[in-house]
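S.K.: make a model of this:
(chains A and B)
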Amino acid sequence: MITTRIHKVALSALLIAGLAACGNDDSGNDTNPLLIAAKAAGGTVARVRGDREAEAPAPARTPEQMAAEALRVNPAPLIMVGFESLGRTQVMAMTGQNGAMRTYMAPSKEALILRDGMVIGTRGLGNDLSVAEPQTEPLIRAGRAGSAPRVMRYYSGDGLERPLRFDCNVGPGPKSGVVVESCEGHGTSFQNNYMPQGGHLPVSRQWLGPRLGYVTIQTLRP
Amino acid sequence: MRAHSILTRRLLASTVPVALLLGLGTGPARTDPMIGDVLNSYGLPGGVDTPTAEMLPDGTLGGTLSYTERARRHNIVFQLHPRLSTALRYSRVEGINDHNDLGHIWDRSFDLRFQFLDEAGWRPAVAVGLQDFLGTGVYSGEYIVATKTITPRLRASIGIGWGILAGDPRVIDTTDTGGKPNVDQWFRGKARPFGSVTWQATDKLRLVAEYSNDEYLARFLRPNGTITDARQGDDDPGRFNLGAYYTFSPSYQVGLYTLGGDTFGAQFSFALNPRNAPFPSGLEKAPAPVRPRPAPSADPEGWSGAWSADPTAQPAIQTALADALADEGQMLESMALSGNRAEVRIRNTRYIQQSEAIGRTARLMTRALPPSVETLVITSNSEGMATSSVVLKRSDVERLENTEAGRIAGASQLVDADPRPGDLVATPGLFPRFRWNLAPYLDLGVFDPQDPLRYEVGAQLKASYELMPGLILSGTVRQRAFGSMEQRGPGIPGQRGEHYTPEEYVSDPANEYLNGVPRVRSDTRMYTGNDSPTIPELTLAWYAQPTEAVYTRMTVGLLERAYGGVSGEVLWKPANSPLAFGAEINRVRKRDFEDVFGFRDYEVTTGHLSAYYEFANGFTAQLDVGKYLAGDKGATFTLTREFANGWRIGAFATKTDLSDEEFGEGSFDKGITISIPVSWAIGTPTRDRAGSTLRSLSRDGGARVNVNGRLYDKVRDAQSVKLYQGWGGFWR
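M.R.: Numbers count the residues shown, from 1 in each chain, chains lettered A, B, ... in the order given. Got it, this is the predicted structure:
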């Protein structure tokens, strides 16, 4: 009698454990607070391991192979982007153009918004830059020295868009043809490097923000 | 506990919130006042047991478990305002015997701390605090404390305390019902000093030494008139306490401490801050960018508007747009299209911030509509009710993409939506709409001294069938698998600690009244522990919108686990008004304890008139006046703090015309609600929430029917205060 009861309990426990939530109801459910803790913990683990669901195990390829294949199959303007903090390099294709502003997307629907090579925003990376307002831009394109402010607006965790203002100096770098933009503010500093060519910025290394760090951008097809 | 790196803290604190840029009248930009790194055993910034003048970063919600052989304290702390900390505590106090005869009692207490001076130059930060100022008062005490940063790694605090902080416990009247502020005792009796020093040994390790006058003593007035002292532990723990606290991620801290050298304690605490999400911008995919229109010379036909005469144009455009919106979790319920204006009515099923749904819809409209359409109207629907319309000029959307969100806010207009414009075409194939969800559930019961944590685990099937927008049949079936929640009757009057068995309770209808008050909630546990399937809810709800700013709801069926009947509600809330008024009336009957479709004899009409006000700084106030479930009349006041990301933390109190004696322990109904969006915790976009309501005690006074789908929260997301508060997500 007691054994059957224990059996029944154990069986139903197994059933419940195996009952991953299923259904087609997608909006506005109340969930148990413990779930949020479990999911948050899972998210942290995933973040520590540096993996994202979008990243299917792809065959290891060199950036050169990726670039060659992308140029072959995709007729759109292309850039090669290396996210240093995420430790990955990928090809992004232009999906839209609004004036001088171009939106480049990866197949996983992460986007980089550039104004002729200058990073203006990111989307879909979890710590996105909403919009950058670099008043240093004319100096950089012209390869002239000078100083100007740069405002970077971020999506903050509390659901607002919050600006960070940096003071920047633009000048020639140690290598010829490289312009360095050194910015400081809010207890941090960063250096963006550009190789301007006739006012365009085909190659650069730019800072996206405190959590995303630096990104290297190379134009594959303008 | 420092919840942010220096940079992120500056990012969060020292910059101007976008709400200010939008001219919503929030206060000036400010920095957080002096922030504490160690939580004491009472769950507030401090030393080991003693308080300091420190605060937590604004909005922080934290918890602390602190265990010694003298006390186990479970604390929840919320930084309600940059200078006001609040704490709620549920403690096992050893060495005190009550009617339950367990050798300990479980006690609830509530604290406030206000930092009225921040550190500046030579001046220390100074705070005043009230400890355990509601309820029975085992921990009652008050303090004034000053904290000074000596070196960047060393802080010292010195203060003066009353009550238990001075080793002079307040006399607790065991016959008192408690639950009300003990104002006449504040800052009275002996006053003694206390102090602490906190040294940051490494980035993660903090060492604390303190001098405390807390003798772990409680003092009771017995019904026979004698005053007895009850000590927690065998002796006075001593005056000097030491502790070490290790912060092992920004949000978690463990501590070991000793009281006087003979008593040892361990502590775990965590702190969540709504501003400090794992993925602040969310992990949702990038939106489709704006598609600017071609030059008029490149598409003269599209620019002329002549296409609008073609009857096949709108269906084709509507289908394409509905598909694209569906991919973004937006249901295109209906659409009106003319040569120069397009209106879409969307139901947002994905994003917690309505502005993000609107921003993505606007961009998709630029991609789907012919060039002659210049006016874009995005109407937010909720259960078929049109709650607001955002009017945008398409050229502004094109011009302001990739600029700060405040600029498109300035170029947009928010207006009341016409409930039934003539030219609206419903998208075919959306209704009837069937939704279901099968998932495990976990129910927790706390605050029972004899059984501090009860649980039940099982499977839950929820389904809804929406016949047409706003007419929804929905229900939930639960099957318990296992758990420790069992059916039990309420306490037997005059025999504290003894409860009716379920059979005893139902044997005499007179048991369902206590002091002439019907038992409307105090027998809630009669509804638990059922091994056969239960139906917590089965209703037909009808939402409607008679005029632009008036919304109505009618719900019929099994409204909640304990009551079934009819509920009607009406709400007046214009899209641009922070003020709203509502009325609700319910005719309900008490459900049977076991039979899922059966009813008991108690039947009552309850109703409320409500006023709501949304303050621009994220606070919402609500006043309900009316008649409650037990037939008592009174009012409920609710104050909620709400963040743009959807975090909600609120407190409520209800006072009705029941006397304190009729109401029983606690004197009046009060509690807190916490609701956290799941998307904040995990990054992926969803409107799901996790949360809970903690009330002081389940009593019969001030109880209301829990009807799902009340109008206020259905209507508000797309209206001015909430929409603009969360406008930062428009271009996300």
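S.K.: helix or strand right after the lowest-mean-pLDDT helix or strand in chain A?
M.R.: In chain A, no helix or strand scores lower on mean pLDDT, DSSP states H and E than helix A:2-18, which sits at a mean of 46. The helix or strand immediately downstream of helix A:2-18 is strand A:22-23, counting by DSSP states H and E.
S.K.: does any part of that following strand sit near chain B?
M.R.: Yes: using Cβ under 8 Å from any Cβ of the partner chain as the criterion, contacts between strand A:22-23 and chain B involve A:C22, A:G23. From N, CA and C alone the C-beta is placed, and that goes for glycine too.
S.K.: what segments of chain B are helices?
M.R.: In chain B, the helices defined using DSSP state H lie at B:6-13, B:18-21, B:300-304, B:313-327, B:354-368, B:394-400, B:405-411, B:502-507, B:660-663, B:678-682, B:711-715, B:720-725.
S.K.: just checking, what packs against the last one?
M.R.: So that's helix B:720-725. Counting contacts by 3 or more Cβ pairs under 8 Å, 6 or more residues apart in numbering or on different chains; DSSP states H and E, helix B:720-725 packs against helix B:354-368, strand B:385-393, strand B:413-415.
S.K.: where does the prediction get shaky in the chain?
M.R.: Answering for chain A, as no chain was given. A:1-21, A:26-60 (pLDDT under 70).
S.K.: look at chain B instead
M.R.: Using pLDDT under 70, chain B drops low at B:1-32, B:135-136, B:175-179, B:665-667, B:696-697.
S.K.: show me the domain layout of it.
M.R.: Using automatic domain parsing, the domain parsing of chain B gives B:6-272, B:300-431, B:445-468+B:470-713.
S.K.: and A:R61, which of these is closest to it?
M.R.: domain B:445-468+B:470-713 (28.0 Å; Cβ to Cβ).
S.K.: returning to that earlier point: and of the domains of chain B, who's closest to A:L86?
M.R.: domain B:445-468+B:470-713 (14.5 Å).
S.K.: distance to chain A and mean neighbour count for the domains of chain B - can I get that in CSV?
M.R.: Below are the domains of chain B laid out as CSV (distance: least, Cβ to the nearest Cβ, whole Å; neighbours: other Cβ atoms under 10 Å in any protein chain shown):
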stretch, distance to chain A, mean neighbour count
domain B:6-272, 4, 19
domain B:300-431, 4, 19
domain B:445-468+B:470-713, 3, 18
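S.K.: out of those, which gets nearest to A:V119?
M.R.: Using Cβ to Cβ, the domains of chain B put domain B:300-431 closest to A:V119, at 11.1 Å.
S.K.: and that closest one, how far out from the chain's middle?
M.R.: How far domain B:300-431 lies from its chain's middle: 32 Å, per Cα atoms, centre = their mean, to the nearest Å.
S.K.: and stretch B:680-696, by the same measure?
M.R.: 9 Å.
S.K.: who is B:R89 paired with across the strands?
M.R.: Beta-bridge partners for B:R89, by DSSP bridges, are B:N75, B:S109.
S.K.: that one and B:N75 touch, don't they?
M.R.: Yes: distance between B:R89 and B:N75: 4.9 Å, which falls inside the contact criterion (Cβ atoms under 8 Å).
S.K.: overlap of the contact sets of those two?
M.R.: Contact with both B:R89 and B:N75 is made by residues B:Y42, B:G43, according to Cβ atoms under 8 Å, 6 or more residues apart in numbering or on different chains.
S.K.: show me what contacts the closest residue to B:L473 other than its chain neighbours?
M.R.: The shortest distance from B:L473 to any non-neighbouring residue, by Cβ to Cβ, 6 or more residues apart in numbering or on different chains, is to B:Y465 (4.6 Å). Residues counted as contacts of B:Y465 (Cβ under 8 Å, 6+ apart) are B:P432, B:R433, B:F434, B:R435, B:I472, B:L473, B:S474.
S.K.: can you pull up the bridge partners for the second one?
M.R.: If I follow you right, that is B:R433. Bridge pairing for B:R433 - DSSP bridges - gives B:E466.
S.K.: surely it touches B:A463?
M.R.: No: using Cβ under 8 Å, B:R433 is not in contact with B:A463; the gap is 11.3 Å.
S.K.: neighbours around A:S176, how many?
M.R.: 6 (other Cβ atoms under 10 Å in any protein chain shown).
S.K.: can you check the one 10 residues further on too?
M.R.: Around A:H186 there are 18 other residues, counting by other Cβ under 10 Å.
S.K.: torsion angles phi and psi at it?
M.R.: Backbone geometry at A:H186, expressed as degrees, to the nearest 10, gives phi 50, psi 30.
S.K.: quick one, helices of chain A?
M.R.: Under DSSP H, chain A gives helices at A:2-18, A:33-49, A:63-73, A:137-142.
S.K.: quick revisit: closest one to A:T136 among the domains of chain B?
M.R.: Closest to A:T136 of these is domain B:300-431 (Cβ to Cβ; 17.3 Å).
S.K.: partners of A:V151 in the sheet?
M.R.: With DSSP bridges as the rule, A:V151 is bridged to A:E133, A:R165.
S.K.: how close does it get to B:G726?
M.R.: Using Cβ to Cβ, to the nearest Å, we find A:V151 at a distance of 21 Å from B:G726.
S.K.: tell me which of the two has more neighbours.
M.R.: B:G726 (27 against 16).
S.K.: so the more buried one sits right up against B:N348, yeah?
M.R.: No: counting by Cβ under 8 Å, B:G726 does not reach B:N348; the two are 11.9 Å apart.
S.K.: now the common contact residues for those two.
M.R.: Common neighbours of B:G726 and B:N348 (Cβ under 8 Å, 6+ apart) are B:Q354.
S.K.: OK, contacts around B:R710?
M.R.: By Cβ under 8 Å, 6+ apart, the neighbours of B:R710 are B:R553, B:E569, B:E584.
S.K.: hmm, the first one is touching B:A541, no?
M.R.: Yes: with contact defined as Cβ under 8 Å, B:R553 reaches B:A541; the gap is 6.5 Å.
S.K.: ok, back up a step: make TSV out of the domains of chain B and add distance to A:R102.
M.R.: Below are the domains of chain B laid out as TSV (distance: least, Cβ to Cβ, whole Å):
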stretch	distance to A:R102
domain B:6-272	26
domain B:300-431	10
domain B:445-468+B:470-713	25
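S.K.: of those, which is nearest A:E69?
M.R.: domain B:300-431 (26.9 Å).
S.K.: start to end distance for that closest one?
M.R.: 38 Å (Cα to Cα, to the nearest Å).
S.K.: what do you get for stretch B:439-454?
M.R.: 20 Å.
S.K.: next: stretch B:132-150.
M.R.: Span of stretch B:132-150 from end to end, Cα to Cα: 31 Å.
S.K.: can you give me how far it is from the chain middle?
M.R.: Using Cα atoms, centre = their mean, the offset of stretch B:132-150 from its chain centre is 25 Å.
S.K.: repeat for stretch A:138-155
M.R.: For stretch A:138-155 - counting by Cα atoms, centre = their mean - the centre lies 21 Å from the chain centre.
S.K.: again with stretch B:457-467
M.R.: With Cα atoms, centre = their mean, you get 24 Å for stretch B:457-467.
S.K.: next one: stretch B:238-248
M.R.: The answer for stretch B:238-248 is 32 Å, by Cα atoms, centre = their mean.
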